[in-house]
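K.L.:
Sequence plus the predicted model coming up.
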Amino acid sequence: MKIRFAVVDDAAFLRELVKNIVTSAGGTCVGEAANGDEAVALVESTLPDVVFLDMVMPLRNGIETAKVIKELHPEIKIIGCSTIDQEALVQKAYDSGFDDYITKPFSKEQVLESIKKVLPQLGESTHGRT
């Protein structure tokens, strides 16, 4: 799977977990961020195909971050990764620009299926760089 991805979560071990899952499947991690402000700067400088985005973070939560990312780059896919599974909040996440949503704890299979769901053409970077 030739995708470029970024991981945004305030928990370093979860960033590492997602990185390991996706890189072992052939993805390229273009960077990590621990909060929403860092995430927006990271996306601007690296233009990933997919952003794995936590909901609860300091400075700017996942919903606020997703709105900014989608305003700037609507083609970038956002996969939410959060412990929050309340239907109303998950719907709010989709409304703000999330393309898919997986609940922690998640499996390797869930992460890879989510990527296939948001990037059905799987294998091609939308930005032409790998």
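P.N.:
Right, received. Where do you want to start? Owing to the predicted nature of the structure, the values given are computational and were not obtained by experimental measurement.

K.L.:
can you tell me which helix in this structure is longest?
P.N.:
What stands out as the longest helix in the chain, according to DSSP state H, is helix 12-24.

K.L.:
where along this structure do the strands fall?
P.N.:
Ranges of strands within the chain are 4-8, 28-33, 50-53, 77-82, 100-103, based on DSSP state E.

K.L.:
Pick the most deeply packed of those.
P.N.:
Of all the strands of the chain, strand 50-53 has the most neighbours on average by mean count of other CB atoms under 10 Å, namely a mean of 27. To be clear about C-beta, it is placed using only N, CA and C from the backbone, and glycine gets the same treatment.

K.L.:
Provide the strand pairings for that strand, with the direction of each partner.
P.N.:
Partner strands and pairing direction for strand 50-53 (DSSP bridges) are strand 4-8 (parallel), strand 77-82 (parallel).

K.L.:
Please save the CA atoms from the shortest one in PDB.
P.N.:
Extracted in PDB, the C-alpha atoms of strand 4-8 (Å, rounded to 0.1, in the frame of the first residue of the first chain):
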ATOM      1  CA  ARG A   4       1.700   8.800   2.700                       C
ATOM      2  CA  PHE A   5       0.200   9.300   6.200                       C
ATOM      3  CA  ALA A   6       0.500  11.400   9.300                       C
ATOM      4  CA  VAL A   7      -0.500  10.400  12.900                       C
ATOM      5  CA  VAL A   8      -1.900  12.900  15.300                       C
END
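
K.L.:
Please list the residues outside that strand that contact it.
P.N.:
For strand 4-8, contacts defined as CB atoms under 8 Å, 6 or more residues apart in numbering pick out 14-15, 18-19, 22, 27-36, 38-39, 42-43, 46-54, 57, 62, 65, 125, 127, 129-130.

K.L.:
follow-up on the earlier one: so for Gln91, which of the strands of the chain sits nearest?
P.N.:
Nearest of those to Gln91, taken as CB to CB: strand 100-103 at 9.6 Å.
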